[in-house]
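Student: below are the sequence and a predicted model; questions follow.
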Amino acid sequence: MEMTFKNFIKDDVENVFLNSLEFADEHIIDRKKIKVVIDNDTLKERNRKEYDGIIQADLLYFAKKDDIKKPIVGEVQMFDGILYRVFDVKEDVNMYEVILQSNED
C-alpha cells in the first residue's frame, strides 16, 4: 500500500491517538465498548470562545469512524450508561468529534 498523507493520518489515529497506552480509554457508547479520547479542555475552551462562557455541553470525545455509526445532532446517545443529547458532530479524516449535552427534559 502506498503511504499517502491520508494513510499516515489513519495510521496515527490507530496507533497513537487511539492507543490506550497514549491517549485513549475504553468507554461504552450505545452498548458498544470502543476506544475514545475525551477532551474536556477543548470543550471548556470552545464554550468560552463560542458561547461567551456559557456551558452548552458536558462532554467532548473523539472516536474512530469505523467504531460507531455517525452521530446525528439532536439524537440521544448513551455514554457509559448515561443518556446525553448529541449537541454537535464534526468529521475529520477517520474520526468523529462528538459533543454531548445532558439529556434533561
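Tutor: Done, it's in.
Student: so in terms of bridging, what pairs with the nearest residue to I68 once chain neighbours are set aside?
Tutor: Excluding the flanking residues, the one nearest I68 by CB to CB, 6 or more residues apart in numbering is I29, at 5.8 Å. For every residue, glycine as well, the C-beta is placed using N, CA and C. Per DSSP bridges, the residues bridged to I29 are K32, F79.
Student: start at 41 instead
Tutor: Noted, 41 is the first residue going forward, which turns the last one into I69.
Student: and I69, how far is that from E85?
Tutor: Distance of I69 to E85, given as CB to CB, to the nearest Å: 23 Å.
Student: which strand in the chain has the most residues?
Tutor: The residue-count maximum for a strand in the chain (DSSP state E) belongs to strand 122-132.
Student: hmm, back to that, more neighbours, I69 and E85?
Tutor: I69 (21 against 12; other CB atoms under 10 Å).
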